[in-house]
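Asks: One predicted model, sequence on top.
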Amino acid sequence: MEAVNPYYSIPVKIKKIIPETSNITTFILDGMPIQFEAGQFAELTVPGVGEAPFTPSSSPHGDDLEFTIMKVGRVTSALFELKEGDQVGVRGPFGKPYPLKEFKGKEIFIVGGGVGFAPLRSLFLALLHNIKDYKKIYIRYGARTPNDIVYKHLIPEWEKIDGVDILLTVDVGDDSWQGKVGVVTVILDEIPVDVASSPAIVCGPPLMMKFVTQRLVEAGFKHSNIYLSMEKNMSCGIGKCNHCRVGKFYVCKDGPVLTWEDVKDIEEPFL
Amino acid sequence: MKLYLLPSDKILDFVAKLSEDGLVFYPVSEDDKTHLVKFDKDKEFEPDFEKVRTAENIKHFLFPSRAVVAKFPKDTAVKAKKQYLFGIKNCDLRGVDIYDRVFLNAEPVDPLYKKKRENTILISADCPEPEDCCFCNLVGLNPYAEAVCDLNFTKIDSGLLFEAFTKKGEKIIDDNSALFKEATKEDEKERSRIRKNAVKKLNKINEKPFKEDLAERLEKVDEKFKHEIREDCVECFACLHACPTCYCFLLSDYKKGKEFERVRTWDVCYYAAYARVGGGANPRSSLDERFWNRFLCKFDYFKAYEGIYSCSGCGRCYRGCSAKIDIREILWKL
Ligand SMILES: Cc1cc2nc3c(=O)[nH]c(=O)nc-3n(C[C@H](O)[C@H](O)[C@H](O)COP(=O)(O)OP(=O)(O)OC[C@H]3O[C@@H](n4cnc5c(N)ncnc54)[C@H](O)[C@@H]3O)c2cc1C
Ligand code: SF4
Ligand code: SF4
Ligand code: SF4
Ligand code: FES
């Protein structure tokens, strides 16, 4: 029998494009070309241009696969040129999912920064799917300005859900902003969960990851309970090309989420 | 273990017979080096089975420097021609061993590699005369094959003394039994003599073994050491392109009309952009770090995953290096 080709991307159409901020957009694809679990990622292809790794931002139980993407370079710029109805390719899922079984019965502490909310949204929606399984879900999210907040229209709905507690902050406020101002650590002064048992899940830009991790360690979270999304250069996504290796870990295979316990001995793990 | 003798006057017949079934590549000498060339029954056949490995690394035959690995939107099945690699050396088998582990044994299987591997017959030859660049003995190998190949042979006075390692190999001997003779005790003794002599030579070239705790030592080196050992490096990347055990690659997409092809090319960790992420941050921005990554990759991490070094001791990196950097010397210093 021919082996399934792990380099082949499944063609799929873009169903809807939702701009979130000036440089972040959510792309809703038509259907679920791959079955993933929260935390796993996929390689998204712009035909003829190339591919890049992204973690879905939609629920694993949803009907359509979504990605929320920041425009930073070659592939993402080409993606932002595409229109609804255009074709892209998807390859995956890759990596390990969040260990939701271990989260059962616990308070879940989620910390995001910038476009790092994308994979966390998928996790959040997966948790909501069985919300009774968890004691309470906390979300702490920071963006540069109020305009840089992703999922602006969804957050008010989420805040209404019983068992969900959301706090936002922006680095720089504006006239309309009534919430907290300051980097994300300002909403981590108070940590209302039982740090001895709760998992903390973090995703955001490198510097934010570094400071948040420091704060969580200080607050007393177990190192093995701090889950960190590692952004590394990737090519194959399947543990062969070597690009994503950090220390002994392949981020595409052992990650993309690693715990602080895993990476704390690595020099500059977030760089 | 059963040995079969292919008398000297039957070697050409044997190779010609194999070439009816697929391409046969065998080593020929030119100046001081050998190269693998394609057998052509209309051309002179002057193989050199006694020199060390070829100058070029043999990964081209299983893992080409550029290959289409997928098409879009509709994929097509991969193809590979049958090929016999006749007279390659044990260090190159280490390369194949490493590729097998990465592309065949670890899920998911790489379809192109699988196809090529299934269509490749490995017929290795002993190295009677190791050279100063050789250090297979330091990475756990002998200068003759003990695994991975389908057939191995030792050049003795009266011909080539074969041993089969796989069913494929046995079948080749069976199919050509008219050309072979049963080996004598004397033939076997000659082989032992040749091998002992080669091992002795190697041990003399490389008297010091690598330390048992090499991995720990590699992780402990300081910035100064990392800088000093690479000071002469001119970033020509010859060491990595010539290496039969490096397997890093990059996928890129190219338009072809309305469709596109996904192309896999060799990549090397010494490139500045190798680890750079979207937006430009780079965890290995200094050459010191990149240079050292190769040592961690080969002598620490791969060993941790697979129990062997991802280095064959072939010495091609040293031979090809503009700065004559010898990784042995660096590892001995630890
Ligand atoms: C597991 C994972 C999940 C992620 N999830 C998200 C997410 O949900 N949302 C999001 O916005 N981002 C996410 N990212 C980050 C995202 O993958 C990067 O922003 C994206 O790869 C940038 O691609 P680019 O081509 O636009 O950027 P560029 O900066 O152009 O390139 C990115 C990398 O490709 C290399 N490269 C670019 N062009 C070439 C070329 N021509 N030849 C060779 N190399 C080249 C660069 O060296 C760089 O290493 C995730 C990353 C990872 C690892
Ligand atoms: S590192 Fe050098 S000696 Fe080792 S396999 Fe590669 S080329 Fe050969
Ligand atoms: S990481 Fe470097 S040393 Fe290791 S296989 Fe890749 S190119 Fe070779
Ligand atoms: S061959 Fe020598 S000079 Fe060239 S990159 Fe390798 S170590 Fe540096
Ligand atoms: S992306 Fe290729 S090994 Fe991880």
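Replies: Cool, got the structure. Numbering: from 1, shown residues only, chains lettered A, B, ... in the order given. Ligands and ions are numbered 1, 2, ... in the order given.
Asks: ok, how many other residues are close to residue B:223?
Replies: The tally of other residues near residue B:223 (other C-beta atoms under 10 Å in any protein chain shown) stands at 11. (C-beta placed from N, C-alpha, C; glycine too.)
Asks: how close does it sit to chain A?
Replies: Counting by C-beta to the nearest C-beta, to the nearest Å, the separation of residue B:223 from chain A is 11 Å.
Asks: Leaving out the residues flanking it, which one is nearest to that residue?
Replies: Excluding the flanking residues, the one nearest residue B:223 by C-beta to C-beta, 6 or more residues apart in numbering or on different chains is residue B:288, at 6.9 Å.
Asks: Check residue A:76 too.
Replies: Computed as C-beta to C-beta, 6+ apart, the closest residue to residue A:76 that is not its neighbour in sequence is residue A:69, at 5.9 Å.
Asks: Validate this expectation: the one you found resides in a strand.
Replies: Yes. Assignment of residue A:69 by DSSP: H, G, I helix; E, B strand; the rest coil places it within a strand.
Asks: measure it to residue A:252 for me?
Replies: Distance, residue A:69 to residue A:252, by C-beta to C-beta, to the nearest Å: 18 Å.
Asks: These two - which one has more neighbours?
Replies: Neighbours per residue (other C-beta under 10 Å) separate residue A:69 from residue A:252, with residue A:252 holding more: 27 against 22.
Asks: Run me through the strand neighbours of the helix or strand where residue B:121 lies, direction for each.
Replies: According to DSSP states H and E, residue B:121 maps onto strand B:120-125. Next to strand B:120-125 in the sheet, as set by DSSP bridges, lie strand B:83-88 (parallel), strand B:151-156 (parallel).
Asks: what residues does the last one touch?
Replies: Residues from elsewhere that reach strand B:151-156 (C-beta atoms under 8 Å, 6 or more residues apart in numbering or on different chains): B:5-6, B:49-50, B:87, B:121-126, B:128, B:144-145, B:160-165, B:169, B:172-173, B:187, B:190-191, B:194-195.
Asks: and what of stretch A:234-247?
Replies: Contact with stretch A:234-247 is made by A:6-7, A:41-43, A:52-53, A:91-92, A:94-95, A:230, A:232-233, A:250-253, A:255, A:263, A:265-266, A:269, B:102-103, B:106, B:108, B:110, B:247-251, B:267, B:269, B:274-275, B:283, B:297, B:301, as judged by C-beta under 8 Å, 6+ apart.
Asks: quick one: is that stretch near ligand 1?
Replies: Yes. Stretch A:234-247 lies within reach of ligand 1 by C-beta under 6 Å from any ligand atom, at residue A:234.
Asks: Poorly predicted segments of chain A, please.
Replies: A:1-3 (pLDDT under 70).
Asks: hey, where'd the helices end up in it?
Replies: Counting by DSSP state H, chain A has helices at residues A:74-80, A:100-103, A:117-129, A:155-159, A:206-219, A:260-263.
Asks: Just name the most buried of the ones you listed.
Replies: Sort the helices of chain A by mean neighbour count, taking mean count of other C-beta atoms under 10 Å in any protein chain shown, and helix A:117-129 sits at the top with a mean of 24.
Asks: ok, the closest residue to ligand 1 within the stretch 201-334 of chain B to ligand 5 distance?
Replies: Closest approach between the stretch 201-334 of chain B and ligand 1, counting by C-beta to the nearest ligand atom: residue B:278, at 2.7 Å. Using C-beta to the nearest ligand atom, to the nearest Å, residue B:278 is found at 14 Å from ligand 5.
Asks: Tell me who's in contact with residue B:206.
Replies: B:134, B:135, B:137, B:138, B:328.
Asks: So for it, what pLDDT did the model give?
Replies: With respect to pLDDT, residue B:206 has a value of 97.
Asks: Chain neighbours aside, what residue packs nearest to it?
Replies: residue B:135 (4.8 Å).
Asks: neighbours of that neighbour, just the number please.
Replies: Residue B:135: 24 surrounding residues under other C-beta under 10 Å.
Asks: May I have the predicted confidence score for it?
Replies: If you check residue B:135, the pLDDT there is 97.
Asks: isn't it right up against residue B:328?
Replies: Yes. If you go by C-beta atoms under 8 Å, residue B:135 and residue B:328 touch, sitting 5.5 Å apart.
Asks: Number of residues surrounding residue B:109?
Replies: Residue B:109 has 16 neighbouring residues, counting by other C-beta under 10 Å.
Asks: That one belongs to a strand?
Replies: No. Counting by three-state DSSP, residue B:109 is not found in a strand; it is coil.
Asks: Distance of it relative to chain A?
Replies: 4 Å.
Asks: And that residue, what's its pLDDT?
Replies: Looking at residue B:109, its pLDDT is 96.
Asks: Excluding sequence neighbours, find me the nearest residue to residue 21.
Replies: With no chain named, the answer covers chain A. Nearest residue to residue A:21, sequence neighbours excluded (C-beta to C-beta, 6+ apart): residue A:148, at 4.9 Å.
Asks: Can you look at chain B instead?
Replies: Distance criterion C-beta to C-beta, 6+ apart; nearest residue to residue B:21, sequence neighbours excluded, is residue B:82 at 6.3 Å.
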